[in-house]
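1. Provided below for reference: sequence and predicted model.
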Amino acid sequence: MDKTSLGSTIAALRKERGMTQLELAGQLGVTDKAVSKWERGLSCPDLYTFPRLAEILGASVEELMQVSPVPPKPAGRTAALLSLIFKAVACAMGAAVTSLAVMGALDTRTGFSLLGIGLLSAGIALLRERSDSQ
């Protein structure tokens with residue numbers, strides 16, 4: 001949320017209602033200096049003040065904050081990306097175990113833990129693919 005656009009929106013709506021900063025402040029229980037700071041973009045109203053402010057100015061909270069709905073990301077792309085990540089983790093764990101074992105820097109417990117993470121990731125990737133195909 002941009003403070004200056006919020007401030008200009010508050011100022012415009014207040015002026016449409018024919019209110020002074022002092023009158024708006026009185027109805028909200030804040031100082032006129034606070035309203036002035038909001039309108040100049042130096043600060044923002046408290047979160048709990050927004051509903052009352054919107055009501056007084058005859059707007060919705062969304063209009064006041066100039067919120068537009070964010071379009072959802074395509075589900076197919078996210079699913080494909082997750083599948084790729086799980087496969088990559090499985091490969092990385094296998095490569096890590098192999099490399100560390102060749103260097104002699106891998107104890108049995110750590111090796112099994114890394115392989116377990118890799119197998120779990122591979123299993124999740126396979127289950128996701130199976131559920132997507134059904």
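-> Yep, that arrived.
2. only C-alpha atoms for contact and neighbour calcs from this point on.
-> OK.
3. who touches the helix or strand hosting W38?
-> Element membership for W38 (DSSP states H and E) is helix 32-39. Contact with helix 32-39 is made by 3-4, 6-11, 21-22, 24-26, 43-45, as judged by Cα atoms under 8 Å, 6 or more residues apart in numbering.
4. ok now the helix or strand of the chain with the lowest mean pLDDT, how far from the chain's centre?
-> Comparing helices and strands within the chain by mean pLDDT, DSSP states H and E singles out helix 61-65 as the least confident, with a mean of 83. Here the centre of helix 61-65 is set off from its chain's centre by 18 Å, with Cα atoms, centre = their mean, to the nearest Å.
5. next SSE after it?
-> helix 75-103.
6. give me the mean pLDDT for that next one.
-> Throughout helix 75-103, pLDDT has a mean value of 88.
7. in that helix, what counts as buried?
-> Neighbour counts using 16 or more other Cα atoms under 10 Å place 83, 86-94, 96-97 of helix 75-103 among the buried residues.
8. got it, and stretch 110-118?
-> So, applying 16+ other Cα under 10 Å, buried residues of stretch 110-118: 111, 114-115, 117-118.
9. what of stretch 46-61?
-> For stretch 46-61, burial by neighbour count (16+ other Cα under 10 Å) applies to 50, 53-54, 56-57, 60.
10. now go through the residues you listed and say which are in strands.
-> Using DSSP state E, no member of the buried residues of stretch 46-61 falls in strands.
11. ok, T31 - how many residues close by?
-> As a burial measure, T31 scores 15 neighbours (other Cα atoms under 10 Å).
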